[in-house]
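A.B. asks: This is a predicted model, with the sequence first.
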Amino acid sequence: MLFVLKRLLFGLALLVGVVVLNFLLIRLAPGDAAAVIAGEMGGASEEILARIRSEYGLDKPILVQLGIYLADVLRGDLGQSYYFNQPVTALIAARIGPTILLVLTAQLFAIGLGVFMGVLAARRPQGWLSATVAVLSTVGYAAPVFWTGIMLTILFASMLPLFPVEGMVSARFDGNAFDYALDVAHHLVLPALTLGIIFLAQYARLSRAAMIEVLGADYVRTARAKGVRERSVVFKHALRNAVLPILTVAGLQFGNLISGALLVETVFNWPGMGRLAFESILRRDYPLLLGVLFFSALMVIVANLLTDLSYRLADPRIDQEGRRA
Amino acid sequence: SAPADAEEITPGGSVVITSTQAPRHLNPAVQSGIATAVPGTQIFASLLKYDDNWQPQPYLAESWETSDDGLSVTVRLVEGATFHDGEPVTSEDVRFSIETVRDNHPFETMFAPVSAVETPDERTAVIRLSQPHPALLLAMSSALLPIIPEHVYGDGQDIQSHPANSAPIGSGPFRLADFEPGRQITLERYDDFFIDGRPYLDRIVIRIVPDPSAMVLALEAGEADILPFLTSSQNIRRLQENEKFAVTDKGYEGIGALNWLAFNTGEPPLDDVRVRQAIAYAVDRDFIVNALHRGVSKAQRGPIIESSPFFNPGIPAYDVDLDKARALLDEAGHPEGADGTRFSLTVDYIPGSGEQQKNIAEYLRSQLPKVGIGIEVRASPDFPTWAQRVSTYDFDLTLDSVFNWGDPVIGVHRTYLSSNIREGVIWSNTQQYANQTVDDILARAALEQDPEKRKALYDEFQMIVAEELPLYPINVIPYHTAYDTRLGNMPDSIWGVIQSMDELYWKEAP
Amino acid sequence: MSATVQPILDVRDLAVRFALPRPRLFAPRPHLEAVRGVSFALAPGRTLGLVGESGSGKTTTAMAAIRLTRAAGGRVLFDGTDLLTLPPEAMRRARRHLQIVFQDPYSSLNPRERVGAIVREPLDLMAVGAASRERDERVRELFRLVGLRDDQMALFPHQFSGGQRQRVSIARALATHPRLVVCDEPVSALDVAIQAQILNLLRRLQDELGLSYLFISHDLGVVQFLCDDIAVMYLGRIVEHAGRAALFRTPRHPYTAALLAAAPSLARRKSAGYRRDAVVRGDPPSPVAIPPGCAFAARCPRAAAPCRDTAPELRPVGDSQVACHFPL
Amino acid sequence: MSAVTERPAAAPARPVSPFGEAWRMFRSNRPALFGLVLLGAIVAAVGYGTLFHPADPYEIVWAPLAAPGEAEGVPLGTDYIGRDILAGLLKGGGPTLAVGAAAALITVAIGITVGALAGFFGGWIDNLLMRLTEFFQVLPALLFAMVLVTLFSPSLTTIAVAIGVVSWPQTARLTRAEFLRIRELEYVTAARAVGARNGRIIGRVILPNALPPLIVSATLTVGVAILFEAGLSFLGLGDPNTMSWGLMIGANRAYILEAWWPVTFPGLAIFLTVLAVSLVGDGLNDAFNPKLRQR
Amino acid sequence: MSAVSPDGATPLLQVEDLHVAFDTRQGAVTALDGVSFSLAAGETLGIVGESGCGKSITALALMGLIPAPPGRLTGGRIDFAGRDIARLAESELRRLRGRDIAMIFQEPMTSLNPVFPVGAQIAEAILLHREIDRQAARREAVALLRTVGIPDAERRATAYPHELSGGMRQRVMIAMAISCRPKVLIADEPTTALDVTVQAQIFELMRRIQDEFGVALMLITHDMGAIAEMADRVAVMYAGRIVEQGLADDVLDRPLHPYTRGLIDCIPVLGKAAPDGRPPALSEIPGVVPPLHLIGDGCAFADRCSLAEPRCRRERPPLTGRRHGVACHVTAAQAT
Ligand SMILES: Nc1ncnc2c1ncn2[C@@H]1O[C@H](COP(=O)(O)OP(=O)(O)OP(=O)(O)O)[C@@H](O)[C@H]1O
Ligand SMILES: Nc1ncnc2c1ncn2[C@@H]1O[C@H](COP(=O)(O)OP(=O)(O)OP(=O)(O)O)[C@@H](O)[C@H]1O
Ligand SMILES: [Mg+2]
Ligand SMILES: [Mg+2]
């Protein structure tokens, strides 16, 4: 409990830090926010600029603006998007779901298949399967994700039209919830695959290493000495321990997954936060950008918290402070 | 196209239109740009429509009449028009709309001369002008003057950030069903539309697909039906070869989207007209149009789009002539340096504009060194950065794209009037071009009621700026629309898809 | 215990505490009392053995005594000056007289340095010997002293066996002509055959160089072989301190007796029907929550009421110093 | 008493340094060697390729989107405005590799400094630095880098710095872990016991021993940074005045339906480079792994 | 070559001429080179020798757990209950392991799986070999914990290994090993990681268990004191071979092999020296155990041996003698 509380508090502090840093970074960078807003409206005169400044509070000292912003954030208000002229929270709320869906699917795919491949490879570290896994994992990792995405699009959406090219739901979609889920799943295949491939490689490699390590451990020898079946030795005694480093990495991967999602969403026009982030950057939509950064950090923090919790469930040796006894 | 006979039309069905740009909101009264205009013109009706021959047609206004002195226009509204919330459309709404647009829309010239709008009765509005304003009728069409309900937008909230901008109430053929910012806009048939039996379609979905290639694949896969505003030569050519789709460049005359190379005439060496002309002679417009754009775009020589009745075909074209360019540069006092370079310039471009601008900038980088001008391409990470640079004159050369918006008064004057040199405002006279004669001619043209005389004034204006060259026109943005050939009554007026699509229908179900 | 001359090392009331993580968010930080008021003196040229079970604080005591671990209290007089209050630079200079040999021959040598450089490092750091040639000569001399060949100087630690590495460690420790060498279980990681070589070497070096050893071991046989005086530690305290003869002949503390009884010996034969009867039960209590009174009380066959209430002080009994209410 | 001399059997007189040992391991690792050769070939091509194919990558040499082999002297075809793709590859490799290497250098420099200080001193310094590290870890790196690049305008330097600034936490953690581990080893205490000061212990004692995993990680960071630069360029945040592989992909992407080559070749180049770098990294990893070495 | 066998008793386990090789970078090395011995019910055989001489490999060979690759059994027989288990299929071996032959390891710290409660780990062993339901297995596990002297066994069964002290962990290992009443128990240096007082407790426990269950114990150690206290018979190993074997008393009191003698003499054993004066210097065995790949045809100890004769370097001495055997050219005559 102490741990959870501590992590929560710390997560909160981190979030505040993220907000402050980004706020200052963005506000102190060259560029006039009012001009941006005016530009979005199609060009404007000096008086309109002045009106915009006072309306958005841009005429106040920067620290006052920061204070106001922080107070608003505490109330759950991330401001209005300059571009969309809508509450940032509403915009993000509509986009965060697709991103989580994409990221989790890719992550599950990568972990599931990756670990399976890694375990198989670890059984015979010198065998051909192991070599194949090693090669595949390097290959999957080395290809730029957006490039893989483009290649997959050409292959599976244009030349061999099995999957939709873009989007999350068909524009014409009209059906019940089940069809909806199917439609989304159909759209999800290529993006999740693209994103999953890089991480698949990493998990395969990691779990291979972890399994080789664990299979040489004394307690695995003990299990064998008890007469435990080989399958059970591998999947119960060994994997249960090899999962620990995998979990650690899975938690740390979340930030990278979101980074990858940014590119994948761009390639497949997946309507997630990544695209929103990209657009907010290109439009200098500062409130929206801050909101996206805030939520990305929040997602990573929550993911880390969950990983830590599951780690704790998986490893009884962790003490209150999160250290290995 | 001839309107199809009502009997053969089976109403119903939905159409998916894609757009690469996400609209901020859906109220064209306070937002320019095509992203807002496409859904905006379906949701809001304007007073007039325009046909493909630049002629005004009745829409919300069943009739209109300009006084002989040109100082007032009387508009009579159709009977029974209602907003999507059921309230009737009245002359008060017209007054409110005109005032709102006049006071808030970035195109200030559209309604600046309007001094008052009188509303003698529910269906009559009299627009009083402080001076004659021949562009007024055009400004009353399409997205330029959406009639917005006063009872919604006149509640005292700031119109720029009014919540109803994202949940608009209009009197157009379609009403908003769902607005997912940056993703999709879903419009539904408005059953009480003031034209009986219209619209034919049940639903229009505007889907935002930022990647044009993905858009094309979506059309091919049947996931979309209409791709307006296509500019990529690759996509246009690919779809032209596919007989399931029609590809047309009709419907963009009203917008008049020009692509040009702007000079910062406020600073040396570009303050020297000879240098500007030298650059014009060094650039091969035909190569750009035929090779870079692979024939899909049309060359543009002057400030007014060549398809406009006001265009003057007699202006100099600056066909490529490198020797002449070199001679002009020598003459201007810029001899070649040891490395063959006379001086170096930067070139900016609107980010995200790919083939139309970035590629041309890169072409310049390859081409201008041939006459001794070094070029550095300056990328702007985002639009505001570019706008900031250009509007504060922190540039040498920039590619720019500015729309005519139908009448020169709206879209052309702003670029050349010395009174419009306004620092910090993009798409003002950012070239800092100042010529008293031009200012006078344009002022007279804005008031001139007689079309013949007006054209003569514009002819003179075009000759002067083609000579002095504050900017070098390159081409018309090759907007094309690709659509499923089973669609009937594809909009083909000068406004194309930014005018009501109430007549659009499926000839056979998709 | 014949310390009539001034001791080279005089440790008084040494205490070391380690901070532990808080159990709850705002709970006070608990401390582990690793060494709780240890005093002893070591005469020049002699060897003091520290024995005790794992975790009893042997290493910590020794490290705190030469200020490689921070002491929480007490004084350490080296030749009369208190090491614990020396300014850092002076302490650094003092280190040339205080050297150390570690238990693990694998982790006590930097694997990325040639052994010659390892042995030379203290000379450079302490600026012993003016010229570079002089230092080289010294290194060569040290190699010969500990039974290594000159030509091995260029090798890396992993190219040596455990015993040879321990010789390198010893050479390094002796490089600056120290007067006191702390040996922290220098032989417990070695095979018995190698252990004998190293023990003999240590003894020979002491004889030749007049070194003083603070020698840590848990092997009573080794301690008996090498040490003149022996201090038995239990949970951060010295429970018995005596000369070799006295300690092994007449252990006074029940814990000492238990240790002696538990140590395997060639003399206790199964064939002769030997069975352990009175083995000490249980494990030592956790050093985090040391019970009041005598720490050994819970396992002690002689424990009575006072043992659980008051901690016994070290006091002379016969030839020994014993901290026990009911010494043997 | 005579010195006990040992038989030379166990101690060959030839010194084998740990790094020498690692190189021997590395050499016998075929994929790693392949990676090294591939990397060498790529670097050579980027460095000297223009000698054999002296074309200006910015010059329009042919019609746009000419297929490979379609035009004389343009073996890999042209891009969307008719520039030579092979010339672009040869010229663009430099910046790509340079950004990769520079970013990796920055990453490693920050990472090692932070990690070493945190791991060595522990206590509040460790706490502070680790909080800082976590802070940088919760921001998705690419997103944060995009913000930095956008705010401070895209140039090779900004890009390299941005990548470095966002990717050091991993190195810092690794360094810290190594320092924490090695700090407890007896040879560190031994160094202190012979009077070494903190600076020496950090730099001369712990760091060399922490180096193997850091070298591996630095190698892999080069790959990551190259991918990163490619990603940024792909998103249009590259430096348009400097040809790079990522830029080529990003710029040519719009023509992918018509021409596969302008995207595929730079993609392959990135892929092969990162592949080579990771193979080398893996090889180093194995070579430095004492467990594998014993066999 | 004859195996060591106790007087009168029929051996339960008979190992003959066992060979194990490992593939290394230096080529195949012979880690076990003709090891033979036997073990009878209820007796304790001690195996001593320096690090790396093959003690653990011998034990693992009996369990069929030689890590392969790189290791492999290259010859010999292991007769157990009338079968040669060196040739059994893996599935049959598995049934044997834990049920008939059980083993406890040196590091109680790492030999228990850190992520399962100790009770469950014991119960697993029971479930594997006995027709018994989960509940019963649990109860049995608790009972076993009680048998090995763990206080509060009920609660400790749910503890994870890291929550127990080293001694307790080793008790858990013993409980697990005896859970199926094995006939042979192999203990590979069970107390090296423990303190002397705890070591004494564990030895005591093992003696008690042997008495109770009549199990044959193979005790691997490098501690001569432990041999004296625990073993009926001893086999001394050197570089993959048994160089001397016999009754504990015979070997300890009248060592025949120079290596055994050196081993005994170099230990600073308690009470051996006069406590008063300074003990005399220890006798040393010079040098170190040669790496396996450098062992030639002769006696592996010859290089370190003060008695070595030229033929010692040429010829490998066989193990001679039934009651007290030795593999030495020089002292073979004294074997009985
Ligand atoms: N750095 C540290 N932080 C926290 N506790 C420590 C630290 N070092 C030692 N301790 C604790 O202090 C106590 C004494 O440890 P010390 O190493 O001195 O014992 P020891 O007698 O040398 O044992 P061993 O025979 O195992 O070497 C132990 O309980 C140990 O866990
Ligand atoms: N996996 C392996 N690969 C190569 N050689 C091995 C392997 N395992 C053991 N050996 C070799 O087999 C020999 C015997 O090893 P074993 O573990 O039986 O020694 P031991 O007598 O148990 O030593 P210790 O007292 O250190 O436990 C050693 O010399 C070792 O080098
Ligand atoms: Mg210790
Ligand atoms: Mg062993």
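C.D. replies: Done, it's in. Numbering: from 1, shown residues only, chains lettered A, B, ... in the order given. Ligands and ions are numbered 1, 2, ... in the order given.
A.B. asks: Chain neighbours aside, what residue packs nearest to residue B:271?
C.D. replies: In space, and not counting its chain neighbours, residue B:271 is closest to residue B:265: 5.5 Å by CB to CB, 6 or more residues apart in numbering or on different chains. Glycine gets a C-beta too; all of them are placed from N, C-alpha and C.
A.B. asks: in terms of contact, does that neighbour touch residue B:470 like I think?
C.D. replies: Yes: applying CB atoms under 8 Å, one finds residue B:265 in contact with residue B:470, separated by 5.4 Å.
A.B. asks: between the two, what contacts are shared?
C.D. replies: The contact sets of residue B:265 and residue B:470 overlap at B:276, B:431, B:433 (CB atoms under 8 Å, 6 or more residues apart in numbering or on different chains).
A.B. asks: From chain C, how far off is the residue nearest to the second one when sequence neighbours are not counted?
C.D. replies: Pointing back at residue B:431 there. Of all residues not flanking residue B:431 in the chain, residue B:470 sits nearest, at 4.1 Å (CB to CB, 6+ apart). To chain C, residue B:470 is 69 Å away according to CB to the nearest CB, to the nearest Å.
A.B. asks: same question, residue B:286
C.D. replies: Distance from residue B:286 to chain C, by CB to the nearest CB: 69 Å.
A.B. asks: and if you look at residue D:136?
C.D. replies: 25 Å.
A.B. asks: Give me the phi and psi for that residue.
C.D. replies: phi -70, psi -20 (degrees, to the nearest 10).
A.B. asks: how deep is it tucked in, by neighbour count?
C.D. replies: By other CB atoms under 10 Å in any protein chain shown, the residues close to residue D:136 number 21.
A.B. asks: and the closest residue to ligand 1 within the stretch 101-250 of chain A, what is it in contact with?
C.D. replies: Going by CB to the nearest ligand atom, ligand 1 is nearest to residue A:218 of the stretch 101-250 of chain A, at 19.8 Å. For residue A:218, the contacting residues are E:105, E:107, E:110, E:111, by CB under 8 Å, 6+ apart.
A.B. asks: what's the farthest-apart pair in the residues you listed?
C.D. replies: Farthest pair in the contacts of residue A:218 (CB to CB) is E:105 and E:110. Separation: 8.2 Å.
A.B. asks: still on that earlier bit, which among the contacts of residue A:218 gets closest to residue A:249?
C.D. replies: Closest to residue A:249, out of all of the contacts of residue A:218 and judged by CB to CB, is residue E:110, at 22.9 Å.
A.B. asks: Return the member of the contacts of residue A:218 nearest to residue B:256.
C.D. replies: residue E:110 (79.7 Å).
A.B. asks: Which of the helices or strands spans that closest one?
C.D. replies: helix E:108-111 (DSSP states H and E).
A.B. asks: touching ligand 1 at all, that helix?
C.D. replies: No: Helix E:108-111 lies out of reach of ligand 1 by CB under 6 Å from any ligand atom, never closer than 12.7 Å.
A.B. asks: Okay, the residue positioned nearest the centre of chain D and residue D:163: tell me how far apart.
C.D. replies: Geometric centre of chain D, nearest residue: residue D:222, 1.4 Å, by CA atoms, centre = their mean. Using CB to CB, to the nearest Å, we find residue D:222 at a distance of 11 Å from residue D:163.
A.B. asks: any residues in contact with both of these two?
C.D. replies: residue D:103.
A.B. asks: Return the residues in contact with the residue in the stretch 1-150 of chain C positioned nearest to ligand 2.
C.D. replies: Of all residues in the stretch 1-150 of chain C, residue C:106 sits closest to ligand 2, at 13.1 Å by CB to the nearest ligand atom. Neighbouring residues of residue C:106 by CB under 8 Å, 6+ apart: C:162, C:165, C:189.
A.B. asks: Count the neighbours of the first one for me.
C.D. replies: Other residues near residue C:162 number 19, with proximity taken as other CB under 10 Å.
A.B. asks: State the pLDDT value of it.
C.D. replies: Among the per-residue scores, residue C:162 shows a pLDDT of 85.
A.B. asks: how many other residues sit next to the closest residue to it other than its chain neighbours?
C.D. replies: Leaving aside its sequence neighbours, residue C:162 sits nearest to residue C:105 (CB to CB, 6+ apart; 4.6 Å). Residue C:105 is flanked by 26 other residues according to other CB under 10 Å.
A.B. asks: Ok, the one 4 residues further on next?
C.D. replies: Around residue C:109 sit 26 other residues, with neighbours defined as other CB under 10 Å.
A.B. asks: What helix or strand is residue C:242 located in?
C.D. replies: strand C:237-243.
A.B. asks: tell me what that strand is packed against?
C.D. replies: Contacts defined by 3 or more CB pairs under 8 Å, 6 or more residues apart in numbering or on different chains; DSSP states H and E place strand C:237-243 against strand C:31-42, strand C:229-234, helix C:254-262, strand C:320-322.
A.B. asks: distance between that strand and the chain's centre?
C.D. replies: 13 Å (CA atoms, centre = their mean, to the nearest Å).
A.B. asks: Could you check the angle that strand makes with strand C:229-234?
C.D. replies: 160 degrees (axes from the mean of the first three to the mean of the last three CA atoms, to 10 degrees).
A.B. asks: Touching strand C:237-243 from outside, list them.
C.D. replies: Residues contacting strand C:237-243 (CB under 8 Å, 6+ apart): C:1-2, C:36-40, C:57, C:228-233, C:247, C:251-253, C:255-256, C:295-296, C:311, C:314, C:319-324.
A.B. asks: ok, back up a step: the residue nearest to residue B:271 belongs to a helix?
C.D. replies: No: assigned with DSSP: H, G, I helix; E, B strand; the rest coil, residue B:265 falls outside any helix and is coil.
A.B. asks: can you give me phi and psi for the residue nearest the centre of chain C?
C.D. replies: The residue lying closest to the centre of chain C (CA atoms, centre = their mean) is residue C:216, at 2.7 Å. Main-chain torsions, residue C:216, degrees, to the nearest 10: phi -100, psi 130.
A.B. asks: Go ahead and name everything in contact with stretch B:229-247.
C.D. replies: So stretch B:229-247 is in contact with B:19-20, B:34, B:212-213, B:215-216, B:219-220, B:227, B:293-297, B:354-356, B:477-485, B:490, D:254-255, D:257-258, going by CB under 8 Å, 6+ apart.
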